[in-house]
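> Structure for this input, please:
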Amino acid sequence: MVRQIYYRGSLDFCNYSCPYCPFSRKKASTRQLERDQEEWFRFVRKIEECGFFGAVQVVPYGEAMIHEHYWEGLAQLTKCGGIKAVGAQSNLSFPVEKMLDIYEGHGGNKEKLRLWGTFHPAMISVDRFLEQCSCIQEAGVQFCVGSVGVPENIRILHELRRRLDSHIYMWVNKMDGLGRRYREDEIQAFAAIDDYFGLELRYFQPDARECRGALMVEGDGSIRSCILCHQKMGNLYQDGLDSLPEKKCTRRACDCFLAYGSRNDISEMAVFQPFPAFRIPSCQ
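So this is what the prediction gives:
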């Protein structure tokens, strides 16, 4: 039974300009934003209509939470009895008070809201990022934070961990494109920040039987078995969620949290239940 839906619309532009990221080089046109908004609200209406039971996590290519329509849509979803949690990945650069006012103004339930915040050392200072975290925390919203495990950033990531409230989970993703294995001292440094960093270094062979509880839905309604798997299973607007074929996987490995986090055969994932999509430990 599907309990988690990852949503990704056509939004592929960001307000940050990280040199390694292709989405930082794009500027959103009015029509592109309109299209993304239309896709998003169509998805929200469909989820309302089908009586989905579980959680919805927005995983955009760019930065979604600087746009008001995402806050409005998430608010609408929380009014559905079957929706237990909603959230999004974000760089946390949005005006917190303003966006939460919009969220609550549209009937959003803050107890159901979850945020996954990514720290980009090249784009924001530790001080400013912590200010945003404090505002979110004071508003009573559950969230996690983290960053990519770039060896050159070990010192600043440790500073963030040291100054962040101890009960807020801070994750570290392995760095793609490093071109070498992490040294043992680097592994230890990242593991001192994130107790689960070791999962990032393990090889998980795909097994679709172990991740039946999650699906990926794109802006046009295309349904895929995983955020990493390109094999199309159907279309939300044509097929719904109840008559989808058995999940299959074409990946060589479950090599990011959004893939292995949905699996039932990894014991460490129990701490992130009932909805690992948000990467927030249940004890937080």
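
> what secondary structure does residue 143 sit in?
strand (DSSP: H, G, I helix; E, B strand; the rest coil).

> looking at the sheet around it, what are its partners?
Per DSSP bridges, the residues bridged to residue 143 are residue 115.

> so it touches residue 116, yeah?
Yes - between residue 143 and residue 116 there is a contact under C-beta atoms under 8 Å: 7.1 Å. Quick note: C-beta positions are derived from backbone N, CA and C, even for glycine.

> which residues do the two both contact?
Shared contacts of residue 143 and residue 116 (C-beta atoms under 8 Å, 6 or more residues apart in numbering): residue 280.

> what about the helices in the stretch 101-250 of the chain?
For the stretch 101-250 of the chain, helices defined by DSSP state H, counting those that start in this stretch occupy the ranges 126-138, 154-163, 184-191, 197-200, 236-239.

> Secondary structure class of residue 75, three-state.
helix.

> Which residue, other than its chain neighbours, is closest to residue 64?
residue 70 (4.8 Å; C-beta to C-beta, 6 or more residues apart in numbering).

> Distance of the one you found relative to residue 37?
For residue 70, the distance to residue 37 (C-beta to C-beta, to the nearest Å) stands at 9 Å.

> Tell me the helices and strands packed up against the strand or helix carrying residue 49.
Per DSSP states H and E, residue 49 falls inside helix 30-50. If you count contacts as 3 or more C-beta pairs under 8 Å, 6 or more residues apart in numbering; DSSP states H and E, helix 30-50 packs onto strand 4-8, helix 68-78, helix 236-239.

> wait, which of the ones you listed is closest to residue 275?
strand 4-8 (5.8 Å; C-beta to C-beta).

> Show me what that closest one pairs with in its sheet, parallel or antiparallel.
With DSSP bridges as the test, strand 4-8 is paired with strand 54-58 (parallel), strand 214-218 (parallel).

> Least confident of the ones you listed, on average?
Across those, strand 214-218 has the smallest mean pLDDT, namely a mean of 94.

> Return the distance of that one from the chain's centre.
12 Å (C-alpha atoms, centre = their mean, to the nearest Å).

> Could you do stretch 137-146 as well?
So, by C-alpha atoms, centre = their mean, the centroid of stretch 137-146 is 14 Å from its chain's centroid.

> got a list of contacts for it?
For stretch 137-146, using C-beta under 8 Å, 6+ apart, the contacting residues are 92, 96-97, 100, 110-111, 113-119, 129, 133, 136, 160, 164-165, 168-173, 194, 278-281, 284.

> Please spell out the PyMOL selection for the buried subset of those residues.
In PyMOL syntax, the buried subset of the contacts of stretch 137-146 is picked out as below (16 or more other C-beta atoms under 10 Å):
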select buried, resi 92+96+100+113+114+115+116+117+118+119+129+133+136+160+164+168+169+170+171+172+173+194+278+279+280+281
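
> picking up where we left off before, mind putting the strands paired with strand 4-8 into a markdown table with distance to residue 64 and mean neighbour count?
Formatted as a markdown table, those follow (distance: least, C-beta to C-beta, whole Å; neighbours: other C-beta atoms under 10 Å):
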| stretch | distance to residue 64 | mean neighbour count |
| --- | --- | --- |
| strand 54-58 | 6 | 24 |
| strand 214-218 | 14 | 22 |
